[in-house]
Structures are given as C-alpha cells and as structure tokens.
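Engineer: The sequence isn't on hand, but the structure is:
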C-alpha cells in the first residue's frame, strides 16, 4: 500500500513553510480553528495526483500572498517497492501569464500530471460537495468525470478535446465560417463525445456494483445504498445503438442545430449536458428529495464505494481526503465511518475544528494540530 510519509509546503496558501514527517499510513487527523489552514494541507496532498486539486484552483491562486517565491509541494511516497519523491509547484520558467505547474517524480521533470497517476490516486470529500444533489447538473457532471478520471487518466484529455472543438465550432458558426470546417469539428465532437459518454456509462456500472458489494447491514444502516445512472442524450444513444450509429446520429443533430448554436453558442446536444442521477435505493427516492442527513450519508457511501473499487481494481486503496466529514454526523455514524475507513486500509486525512469529534479513534490515529499557519504533532 502506498501512503505519503512526509509532506513539505513552501509558500503554499497561508503557509510560508510547513513540514509533516513520519506520517501514519492509516488515519491522520488535522484539527484546529476555522481558517487555520487544515483544508490547505488536504489541497496540497490532492495536487500530488492528476488534476487541479480538491478546490479546482488556478495555479496563481495557490500562491501565498505573504511570500514572493513560487509555491511548491513536495512529498515522499512510501510504496512496496521503495520510496518515491513527488513534487509540484509554480513553473517559474513558463511565459508570464501561462500559469503552468512543474511536475517532478524522483527529482526529474515529468511531461505532464498523468505521471502522478502511476503512483498516487486521491479521493476527496469536502463541505462544498454537500449540495451535490441540489446544485445544477454541471456540478454532478464534474463530480462524475473526476471519479472516472481516477480510473482513466485519458478521460480528461477527451473532455478537453471535446470542449475545444465545441468552442471552435461556436466561433466559426458565429462568424459564418466555412461549412467544411464546421463539419470536421462536428465529426470530432461526435467521436470524442461518444467516447466520453461510453466511459461514463462503463464507470457508473462498475461503481454501482461496488456500491452493492459494500451494501452490508453494518454499512447500509448508516450509509444507504445509492442507485446511480449516467443520464444524457448521448448516453441514451449508446444504450440503444452501436457506437458508430450513435456518432452518426450525434453528427446529424449537430448539423440540424447549427442555426440555433450560432446564436446561443455551445451545442444543443452533447455530453456537456449530461447528469448523474442518484436515488436512495431503499426508498426509491431521488437524492435531491432526501433529507440533508440522508444526502450526506448517500454521498459518503458513494465515496467509500469508489475507494473500494479503486482498491479492488488496482490492488491498493487511494489516499482519502475527508474535509470536515464528521462535523454533521451523529456519534454512531462517526464511529461506523471510522471503522469502515480502517477496514479499507487506506491512508485517510481527516479534518475537524473540534478534536472531540475524533475521540473514538484516539490511539488508532495520528493527530496534528493546525494553528498560526503551522502544523504541530499533538
């Protein structure tokens, strides 16, 4: 099993310099007042996996406002094959305004963030995600795509290609550009869009199986089973027709919506409009109609199933980053969650303002206090 053994932050958010050494391979608790910098530590860990981290922040937004030098995150990853050094930070050699990150593995520059995927997988849950079932479909779509990306790093590239082609098509249509150019862009959108939808369908099927696999009485009593479905016009096409037929239908739809799309932009149909449908299985109730507590429990259950799926398919669990996850759980649910996390065998980073939320795992977890932009063993 891989876990972060040390973490060094330099000019990162509120931290000028901070270091955590001899970090436990199991449960790690960061406690401290609101605004102390607990979530910043989790964000730093999340940036050692592919993507823009748990906040989705721009590169320059991470820079400490009180320190001029470029921000950086460095870590030593303990693995069954020996230690691996990982690092990322602001690429000061890039052109002004480029906002690029440098990626390092064992002291060598890597060509892209996918180099992290070979060594680290992170799954996280933040308070901002508590409204997932109430927010717009775009939030759930991004949530789903991030889960897919944890298994298939190429998914991010497909999303980028699709969005770039859609933007170019909108620009050409609004300028009254060449029809052959538009047709080429639509072909790219149809091919890439169907690949995106197919990846979502395949992943949701596997995630549903993982949810059902962990749906035991000791789990379902606290974190109920969710029914999941990737919902969208392209996804429905792929269920009813072959991939080639779906692409052809998608292209016809794009051709027919050119006049409309030239005015409003985007495209009337595509994977950029898809959604993740979630229901409370036992009640057959849409998640957005469930109580706040039920929604939180459903979301935790999905995250736990996702982590279990990664462990089953890769042979090792991901690093879990759970920000204020215990704050709104009753004592019984907290205890059940801690037991499930220990059983998973992952390195789990938990934050909370109240140290008493973690009384049940005293002696079973490593505790750090965060205060005054510094981290102390407690």
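Structural biologist: Everything's here; your move. In this text, all values refer to a predicted model and were calculated from it rather than measured experimentally.

Engineer: What are the structural domain limits within this protein?
Structural biologist: 1-121+318-378, 129-315 (automatic domain parsing).

Engineer: What is the neighbour count of the closest residue to residue 129 other than its chain neighbours?
Structural biologist: Distance criterion CB to CB, 6 or more residues apart in numbering; nearest residue to residue 129, sequence neighbours excluded, is residue 299 at 6.5 Å. The way it works is simple: take the backbone N, C-alpha and C, and place the C-beta from them, glycine included. Neighbour count for residue 299, taken as other CB atoms under 10 Å: 22.

Engineer: What of residue 239?
Structural biologist: Residue 239: 11 neighbours (other CB under 10 Å).

Engineer: what's near enough to touch it?
Structural biologist: residue 201 (CB atoms under 8 Å, 6 or more residues apart in numbering).

Engineer: any idea how far the helix or strand hosting it is from the chain center?
Structural biologist: In this structure, residue 239 sits in helix 233-240 according to DSSP states H and E. Relative to the mean C-alpha coordinate of its chain, helix 233-240 is positioned 25 Å out (CA atoms, centre = their mean, to the nearest Å).

Engineer: tell me which residues in that helix are buried?
Structural biologist: For helix 233-240, a neighbour-count test (16 or more other CB atoms under 10 Å) marks 233-235, 237-238 as buried.

Engineer: I'd like the domains of the chain written out as CSV, with mean pLDDT added.
Structural biologist: Shown next, in CSV, are these (pLDDT from 0 to 100):
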stretch, mean pLDDT
domain 1-121+318-378, 92
domain 129-315, 95
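
Engineer: Does the helix or strand encompassing the residue nearest to residue 129 pack against any helices or strands, and if so which?
Structural biologist: Secondary structure assignment for residue 299, by DSSP H and E: helix 292-314. With contacts taken as 3 or more CB pairs under 8 Å, 6 or more residues apart in numbering; DSSP states H and E, helix 292-314 sits against strand 122-125, helix 137-151, helix 179-213, strand 226-231, strand 275-280, helix 331-344.

Engineer: ok and that helix relative to strand 275-280, angle-wise?
Structural biologist: 110 degrees (axes from the mean of the first three to the mean of the last three CA atoms, to 10 degrees).

Engineer: Let me see the contact set for the one residue sitting closest to the centre of the chain.
Structural biologist: Nearest to the geometric centre of the chain sits residue 146, at 4.2 Å (CA atoms, centre = their mean). Listed by CB under 8 Å, 6+ apart, the contact partners of residue 146 are residue 51.

Engineer: can you give me the offset of the strand of greatest length in the chain from its chain's centre?
Structural biologist: Secondary structure of the chain per DSSP state E: the longest strand is strand 3-12. Centroid separation between strand 3-12 and its chain, computed with CA atoms, centre = their mean, is 20 Å.

Engineer: swap in stretch 301-314?
Structural biologist: With CA atoms, centre = their mean, you get 13 Å for stretch 301-314.

Engineer: go on, stretch 191-199?
Structural biologist: The answer for stretch 191-199 is 19 Å, by CA atoms, centre = their mean.

Engineer: what residues does it touch?
Structural biologist: By CB under 8 Å, 6+ apart, stretch 191-199 touches 148, 152, 155, 158-159, 161-162, 165, 230, 232, 234-235, 237-238, 243, 246-247, 250, 270-271, 274.
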